[in-house]
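> 3D model of this:
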Amino acid sequence: MTSKLNTDLFNKRLQYRTRNGYPFYIGPLQFLSLFFNQTKHSFVGAFDDEDFELSNNSFYRIPFVIAGTYKENKNGETEVKYKMKTNYYSFFWIHTITILVVSINLNYILRGADPIVLINILIILIFLLRYIAIYQKKSELEENFIEIFEITYN
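Numbers count the residues shown, from 1 in each chain. All right, here's what the predicted structure looks like:
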C-alpha cells in the first residue's frame, strides 16, 4: 500500500494526530482521559521514523491496534505496510465479563422470576450488541487511518 504523502508529511501527520501512549492498554485509569482536551488526536499510540502502533483515541477504546511500518519509495511516496492486531488481554476481560453477566442473568430468566426477566433480557441484549459495536469501531478505525494518511492499495 502506498500513501500519497511523502515520509516527512506522513510523520508530521502521525505527530499531530497521535497522542503519545501505550495503545495496548485499556484499563481502569482510562476514564481520566475524559478530562483532557484531545480533540485533535484521532489515535493513541507510539511511533518513530519507521514503525507505528496506533489505536483509537476515545474513552470507548477497542481491543484492536494498527501496527506497521512506513518508508519512502523511489517515487517520493510513502510505502505503508500495516495490519490490525488484536489485544488479547483486553478481549479476555471483555469476554469474561460478558459471559459472567449473561450466565448470571440467564440463571434468573430460567428460574422465571417475573419482574426481573425483562430487565435481565435487556442486559443480555446490551452485552451482545456490545460485540457488534466493537467490530464496527474496528472497521471505523481502519477507515479513519486510510483517510487521514491518504493510503491507496496497489
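> how about the helices of this protein, start to end?
Assigned by DSSP state H, the chain shows helices spanning 7-17, 88-111, 114-148.
> which stretch among those helices comes nearest Ile66?
Judged by C-beta to C-beta, the one of the helices of the chain that comes nearest to Ile66 is helix 114-148, at 5.5 Å. Where C-beta positions appear, they are placed from N, C-alpha and C, glycine not excepted.
> average model confidence for that closest one?
Averaging pLDDT along helix 114-148 gives 84.
> packing partners of that helix?
Using 3 or more C-beta pairs under 8 Å, 6 or more residues apart in numbering; DSSP states H and E, the elements in contact with helix 114-148 are strand 51-56, strand 64-72, strand 78-86, helix 88-111.
> any buried residues in that helix, and which?
Across helix 114-148, burial judged by 16 or more other C-beta atoms under 10 Å covers 120, 123-124, 127, 134, 137-138, 141, 144-146, 148.
> any chance of those residues in a markdown table, plus distance to Thr2?
Below are the buried residues of helix 114-148 laid out as a markdown table (distance: C-beta to C-beta, whole Å):
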| residue | distance to Thr2 |
| --- | --- |
| Asn120 | 51 |
| Ile123 | 47 |
| Ile124 | 45 |
| Phe127 | 41 |
| Ile134 | 29 |
| Lys137 | 26 |
| Lys138 | 23 |
| Leu141 | 20 |
| Asn144 | 18 |
| Phe145 | 14 |
| Ile146 | 12 |
| Ile148 | 15 |
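> circling back to that earlier point, out of the helices and strands packed on helix 114-148, which one sits most buried?
strand 51-56 (a mean of 21; mean count of other C-beta atoms under 10 Å).
> from the chain's centroid, how far away is it?
Relative to the centre of its chain, strand 51-56 is centred 10 Å away, using C-alpha atoms, centre = their mean, to the nearest Å.
> strand partners of it, parallel vs antiparallel please.
Using DSSP bridges, strand 51-56 pairs in its sheet with strand 43-47 (antiparallel), strand 64-72 (antiparallel).
> just want the angle from the last one to strand 78-86.
Going back to what we said before, that points to strand 64-72. 160 degrees (axes from the mean of the first three to the mean of the last three C-alpha atoms, to 10 degrees).
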